[in-house]
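>>> Got a sequence here, can you build the structure:
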Amino acid sequence: MTNRAARAVSRIGLPIALLIIAALAPSASAANRQRLQVRIDRLAGPVHGGARPVALHFRLSRWTDEGAISSPASDDRFYLPRAYSLNPSAIPFCDINALIHRGPAACRAARVGSGTLRVALSGKQPLAAGGSLTVYNTPPVHRHPTTLTYVLVPRPVRSEFWFQSVVSATRHGPVIEVRETRLNLYGAPLTVTGLDFDFGRTVGHGKGRRSYLSGPAKCGPPASRVFALRTTFYDRFAGQALDRPAGPPLFTTEPASC
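Alright, predicted model coming up:
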């Protein structure tokens with residue numbers, strides 16, 4: 001299958017927030033650490049009901065105290081501020097069977113995000129590779145919006161992976177839980193060491209224009225702009241799942257007119 005989804009979602013306007021969050025947790029070998037950067041881009045379109053179309057740009061990197069590659073993650077939970085909401089009915093749904101049999105072209109209209117990722121063998125291993133990812137809007141499950149992330153790593157061996165996500169509403173805001181596939185190459189476990197992707201899209205024109213993701217029309221208090229990440233890692237040696245909570249925000253920056 002050919003993946004042409006490396007195009008980033010078009011962005012208009014200055015970023016209105018940058019948040020870096022580091023996660024620290026002990027393990028038997030070394031502490032897994034990760035850093036998440038979130039940029040908010042306003043998309044073209046009118047404001048509806050006190051919200052406006054936006055796209056989020058995520059950059060995630062992982063490492064350990066000793067400089068080795070982080071142990072594999074089993075799931076990531078991205079916490080969005082309360083003022084942000086998803087409207088999955090604004091975008092066509094991807095038929096997963098069609099995607100599997102015909103490739104990404106079958107679900108081009110359902111794309112809601114795209115970007116790149118880096119994977120590597122866990123531990124101090126020389127093998128590292130990059131690939132592309134595409135996020136698709138998929139039908140709700142038990143009334144929860146869902147997405148499917150298709151990953152293509154062309155080298156050293158052409159490999160395809162699928163990550164399923166479920167979006168839940170909480171009193172603090174939406175939570176996107178990404179359930180990572182247990183990745184491996186030649187039987188050796190792989191870990192995702194970096195992600196760089198856009199999430200959000202608008203479709204239609206004029207009064208018929210709709211947005212998959214919306215955010216506040218005006219800046220709110222700092223607490224309303226905090227994104228967070230919580231990851232569950234596998235222990236590198238025992239294969240046991242170990243929960244790694246997100247650490248406190250290091251800093252937040254905003255332009256004067258966000």
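
>>> mind checking the SS state of Lys207?
Following DSSP: H, G, I helix; E, B strand; the rest coil, Lys207 is assigned to helix.

>>> Relative to Val54, how far out is the nearest residue to His144 once chain neighbours are set aside?
Leaving out its chain neighbours, the residue that sits closest to His144 by CB to CB, 6 or more residues apart in numbering is Val166, at 5.2 Å. For glycine as for every other residue, the C-beta is placed from the backbone atoms N, C-alpha and C. As judged by CB to CB, to the nearest Å, Val166 and Val54 stand 21 Å apart.

>>> out of those two, which sits in the more crowded spot?
Each of Val166 and Val54 has its neighbours counted (other CB atoms under 10 Å); Val54 has more, 23 against 17.

>>> So what pairs up with the residue nearest to His144 in the strands?
When bridges are called by DSSP bridges, Val166 pairs up with Thr146, Glu177.

>>> and it, what pLDDT?
Looking at Val166, its pLDDT stands at 95.

>>> Just to check, it is in contact with Pro140?
No - using CB atoms under 8 Å as the test, Val166 is too far from Pro140 to be in contact (9.3 Å).

>>> Residues that sit against both of these two, list them.
Common contacts of Val166 and Pro140, defined by CB atoms under 8 Å, 6 or more residues apart in numbering, comprise Thr146.

>>> quick one, phi/psi of Gly45?
Backbone torsions for Gly45, taken as degrees, to the nearest 10, come to phi 150, psi 160.

>>> Contact partners for it?
Contacts for Gly45 (CB under 8 Å, 6+ apart) come out as 52-53, 202, 209, 211.

>>> I'm done for today, thanks for sticking with me.
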